[in-house]
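Student: Turn this into a structure:
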Amino acid sequence: MQAGELLRIAQPRVSDLARGRLGKFSLEKLLQFARLAGIDVGDPNEAIEQARPEGQDQGGLESGPGSRGLPRKGSLVGLPPAFR
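Tutor: Okay, here's the model as predicted:
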């Protein structure tokens, strides 16, 4: 099976991926490629919950029905220290 068939993309996109041009792909698409290749990427939300120290609240993240756990506007939570 060819890479394009496995990843369900055209050959020029396979070339972009093979050359490391990851900026041409969304994070969702890269995660999809990994799953299609048989790599267990887990649930990103679950990983965040496991990494949060016990007793710590959402700390600037949206919560409630329909929220996606994104930082609230103006919040620096979730950014690596170099970007704060």
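
Student: which residues sit against the helix or strand where residue 12 lies?
Tutor: Under the assignment given by DSSP states H and E, the secondary-structure element containing residue 12 is helix 11-18. Where contact means Cβ atoms under 8 Å, 6 or more residues apart in numbering, the residues beyond helix 11-18 that reach it are 3-4, 7, 9, 24-25, 33. For glycine as for every other residue, the C-beta is placed from the backbone atoms N, C-alpha and C.

Student: Compute the number of surrounding residues for residue 36.
Tutor: Neighbourhood size, residue 36 [other Cβ atoms under 10 Å]: 12.

Student: Residue 7 is in contact with that one, correct?
Tutor: Yes - applying Cβ atoms under 8 Å, one finds residue 36 in contact with residue 7, separated by 5.5 Å.

Student: which stretches of the protein form helices?
Tutor: Counting by DSSP state H, the segments of the chain that form helices are 3-7, 11-18, 27-36, 44-51.
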